[in-house]
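Student: what follows is a predicted protein model with its sequence.
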Amino acid sequence: MAAAVTDLLNDKQITQLKTQEEHDMFIQQQPKLAKVLLFTDKNATTVLYKGLSWAYAKRLTFAQVHAAESSKMVEQYGVNKYPTLLVVKPGSTHDPYIGPLNAEPLHEFLDTYASDAAPSAAETAAAGGAEGLLEPVLHSLVADNLTEINSNNDMWLVAFYSAQGESNCQAQLEELQKILHEVQGIVNYGSYNAADLSAHEMKQYKLDTAAFSEDGCKLQLVLFPWGVNKTMKDQYMRWTHGLDNAKKLQDWILDKVPDFTLELTDEADGQSFIAATGAQLPPAAINTAAERRGQVGKVFLFSTKYEVPGIYKALAMHFHGKSRLLFGWTTPDTKGPGYPLMQKMNIRKAPAMSILFPLPPKPVGDHEMADIEGSKGEMAMQQYLGPLKYQKMLMWVQAMAQVTGMAYKSHAGSQPPPTPNDFEIRTQAQLKESCYDKPSLCMIVMIDGRSDMVNKYKDITKKAALALQGNPLTWVVVDVSQQRDFRSAYGLTADQLPTVVALSTRRMRFAQGTPPFTVDNIKQLVTKVLAGSAVTLPLPVLPWIVDGGQPGEEETAAAAADEFDLKDVMSEEVTAPITSKEEQLQKVEKELAEEARRKTTETKKGKKKSIKKTSKKKSSKKTKKKSTSSQPRDEL
């Protein structure tokens, strides 16, 4: 298995330097990152160097210099043997590596220069970070929602209560939300008022009717199992151990999660897993023969346990049928496939998680088919460096799937996305229904409706929604040409349109997109939010749309200018003192005399300063000559 991964790894993260000009350009790129240079006399890039380049992707930049093409660079860095590895730090000073060329000591050396992948703690604290934008949400459910939940695959934990009249058990539901934050989003969560359920439905969902009679707000948690036609299977399970221990509740849910992972126990298992194609995906998730033949991403977990961790099962379940990803796991046993594979992938210790994904193809002919079939065997590897917590792991895998094309644009059984006209809203009621009342992230596209490019902006929005289908997003398009306060609430000016913001109504925070307004930049914003690396800003209150619009900015500015000019004229007419011609002439002569005296004084001061500067320059030149003559000549 290790050999198979080795064969598929590539050197796409490594720049080959042949000239001094290429070297200078490489050093100038990404000035905040340190540069790793390997001077070698080998014709092919080593597996170890490939692995390091992927392990430190976006934290260090890597280049390789071949002995036959590097005379100037060899002299510049004082290289006297091959291979030689060194790190050029920001500011162009460099440190050579003098230890053994093995993975463990190389990691320790490079760790001291690697940039943090995530924002610093100060930046996160200042901006609020993106963590929590997608924290577990307790959805308020109605009868139609229960029907839908029972008919699809997803697992749900539903909190039933029985409230009459004005009571809605809000305090108990808010307390449950805090507990679910600790449990993490391993399944979907909802709440439902059981007051209108029939006796048959109460029995079907394993609810205790007598307990509801005593206290309708004492929540009863029921787990809806994975799989379609849940009512036919009658596998609902009720949690009966109270709400004082989030860890026990999490363990109970994880025990019920189906296992879609593959245990890799020997070399044959590993080879088969790495060679797997779309044919190993769930049949219902494959639409075409090209999807069946195409490459898929492989997620590896190197576990310290001899059974699959529940969190990893939940991760595989989340992406089952919704992505082109397979999930495998192994232990770092020296007799199994895990240990040599960890060495080849430059993973130092377990537990650890990595993803092996096909590289984007060079488009030829049918772009859609090329996108599915991949690049004929070339793979790249990326290690997960965050904490082994479900929500963090989920966001990282989701972002990687999106970036690498392993997230489905559409899959079997999915509904076509709404057209751009469905996104456009004009009233506060529409905004509330389409965005503010939704638990998912709300993507708010702001445009100037007076622009000739409106249809193009809507088309870009539609394409972005299609590309990001399957993510927890809702979309709205707002013409803010006459919604000045709404636009300003997001810190935007008219000349920044069109743009997009990702809003979490639960967290009251938003992340701004970067210009220009393109599908790729919208996808990049979503990827950063899902990965937890987007900078977010707080919202004191949710901005409202003014039905019918506000006055245009030009109209407001013109009115303000007229009012200002009028006041100026009025004040001049009312407050200007009445003086005679003689008095006015005397005043002018006095002002001219004062101005002449001031200029004479400044001229005298200027001459004195210039004399001092000249003497200083002469003395400094003498000093420089003396110091220069005493220093040794720089041989490089």
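Tutor: That came through, no problem.

Student: got a list of contacts for the one helix or strand Ser191 maps to?
Tutor: Here Ser191, judged by DSSP states H and E, is contained in strand 188-193. Strand 188-193 is contacted from outside by 136-142, 145-146, 149, 154-163, 168, 173, 176, 180, 219, using CB atoms under 8 Å, 6 or more residues apart in numbering. Where C-beta positions appear, they are placed from N, C-alpha and C, glycine not excepted.

Student: in strands only, show me these.
Tutor: 138-140, 156-161 (DSSP state E).

Student: where along the stretch 301-450 of the chain do the helices fall?
Tutor: 310-319, 338-344, 367-373, 390-404, 420-423, 428-431 (DSSP state H, counting those that start in this stretch).

Student: same check on the stretch 101-250 of the chain?
Tutor: Under DSSP H, counting those that start in this stretch, the stretch 101-250 of the chain gives helices at 103-111, 121-127, 143-151, 170-183, 199-204, 209-214, 230-233, 246-256.

Student: buried ones among the ones in strands among the contacts of strand 188-193?
Tutor: 138-139, 156-161 (16 or more other CB atoms under 10 Å).

Student: farthest pair within the residues you listed?
Tutor: Trp156 and Tyr161 (15.6 Å; CB to CB).

Student: still on that earlier bit, among the ones in strands among the contacts of strand 188-193, find me the one that's closest to Gly278.
Tutor: Trp156 (28.5 Å).

Student: please look at the closest one and Ile149 and confirm they touch.
Tutor: Yes - the pair Trp156 and Ile149 passes the contact test of CB atoms under 8 Å, sitting 5.2 Å apart.

Student: give me the common contacts of the two.
Tutor: Counting by CB under 8 Å, 6+ apart, the common neighbours of Trp156 and Ile149 are 188, 190, 224.

Student: nearest to Ala429, out of the helices of the stretch 101-250 of the chain?
Tutor: helix 143-151 (20.6 Å).

Student: which elements pack onto that closest one?
Tutor: Applying 3 or more CB pairs under 8 Å, 6 or more residues apart in numbering; DSSP states H and E, we find helix 143-151 packed against strand 156-161, strand 188-193, helix 230-233.

Student: list the buried residues of it.
Tutor: Buried residues in helix 143-151 (16+ other CB under 10 Å): 146, 149-150.

Student: pipe the residues you listed into JSON lines and attach distance to Gln295 and pLDDT per row.
Tutor: Below are the buried residues of helix 143-151 laid out as JSON lines (distance: CB to CB, whole Å; pLDDT from 0 to 100):
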{"residue": "Leu146", "distance to Gln295": "39", "pLDDT": "89"}
{"residue": "Ile149", "distance to Gln295": "33", "pLDDT": "90"}
{"residue": "Asn150", "distance to Gln295": "35", "pLDDT": "89"}
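
Student: residue contacts, Asp215?
Tutor: Applying CB under 8 Å, 6+ apart, no residues contact Asp215.

Student: re earlier: okay, the angle between the strand holding Ser191 and helix 170-183?
Tutor: 170 degrees (axes from the mean of the first three to the mean of the last three CA atoms, to 10 degrees).

Student: distance from stretch 198-210 to the middle of the chain?
Tutor: Distance of stretch 198-210 from the chain centroid (CA atoms, centre = their mean, to the nearest Å) equals 43 Å.

Student: endpoints of it, how far apart?
Tutor: 14 Å (CA to CA, to the nearest Å).

Student: any buried residues in it, and which?
Tutor: In stretch 198-210, counting by 16+ other CB under 10 Å, buried: 202, 204-207.

Student: likewise stretch 163-178?
Tutor: Result for stretch 163-178 [16+ other CB under 10 Å]: buried residues 163, 169, 172-173, 176-177.

Student: among the helices and strands packed on helix 143-151, which gets the worst mean confidence?
Tutor: Mean pLDDT is lowest for helix 230-233 among the helices and strands packed on helix 143-151, at a mean of 81.

Student: could you list the low-pLDDT ranges of the stretch 101-250 of the chain?
Tutor: Within the stretch 101-250 of the chain, the stretches with pLDDT under 70 are 116-135, 165-167.

Student: so what's the residue count around Met317?
Tutor: 22 (other CB atoms under 10 Å).

Student: how much space is there between it and Asp41?
Tutor: 49 Å (CB to CB, to the nearest Å).

Student: ok, back up a step: any idea which of the buried residues of stretch 163-178 is closest to Gly513?
Tutor: Gln177 (29.1 Å).

Student: which of the shared contacts of Trp156 and Ile149 are buried? Put it as a ChimeraX command.
Tutor: In ChimeraX, selecting the buried portion of the shared contacts of Trp156 and Ile149, with burial taken from 16+ other CB under 10 Å, looks like this:
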select :188,190,224
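
Student: tabulate the shared contacts of Trp156 and Ile149 (a markdown table), appending distance to Pro439.
Tutor: Converted to a markdown table, these look like this (distance: CB to CB, whole Å):
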| residue | distance to Pro439 |
| --- | --- |
| Asn188 | 10 |
| Gly190 | 10 |
| Phe224 | 17 |
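
Student: now flag whichever of the shared contacts of Trp156 and Ile149 is closest to Phe517.
Tutor: Asn188 (32.5 Å).

Student: His181 against Pro136, yeah?
Tutor: Yes - contact criterion CB under 8 Å: His181 and Pro136 qualify, at 6.2 Å.

Student: residue contacts, Pro543?
Tutor: Here Pro543 is in contact with 485-486, 489-490 (criterion: CB under 8 Å, 6+ apart).

Student: name the helix or strand for the spatially most central residue of the chain, please.
Tutor: Nearest to the mean C-alpha position of the chain, by CA atoms, centre = their mean, lies Lys528 at 1.4 Å. According to DSSP H and E, Lys528 maps onto helix 519-531.

Student: so which elements touch that helix?
Tutor: By 3+ CB pairs under 8 Å, 6+ apart, helix 519-531 packs against helix 390-404, strand 441-447, helix 454-467, strand 499-504, strand 509-512.

Student: angle of that helix against helix 454-467?
Tutor: Using the same axes, to 10 degrees: helix 519-531 against helix 454-467 is 40 degrees.

Student: now the element after helix 519-531, going C-ward?
Tutor: Counting by DSSP H and E, what follows helix 519-531 is strand 537-538.

Student: quick check, Leu281 in contact with Gln295.
Tutor: No - the criterion here is CB under 8 Å, and Leu281 misses it with Gln295 at 11.2 Å.

Student: where's the residue nearest to His107 when sequence neighbours are not counted relative to Pro283, distance?
Tutor: Leaving aside its chain neighbours, His107 sits nearest to Arg348 (5.9 Å; criterion: CB to CB, 6 or more residues apart in numbering). Look at Arg348 and Pro283: by CB to CB, they are 39 Å apart.

Student: which one's more surrounded, these two?
Tutor: More crowded of Arg348 and Pro283, by other CB under 10 Å: Arg348, with 14 against 9.

Student: quick check: which of the helices of the stretch 101-250 of the chain is nearest to Glu69?
Tutor: helix 103-111 (23.9 Å).
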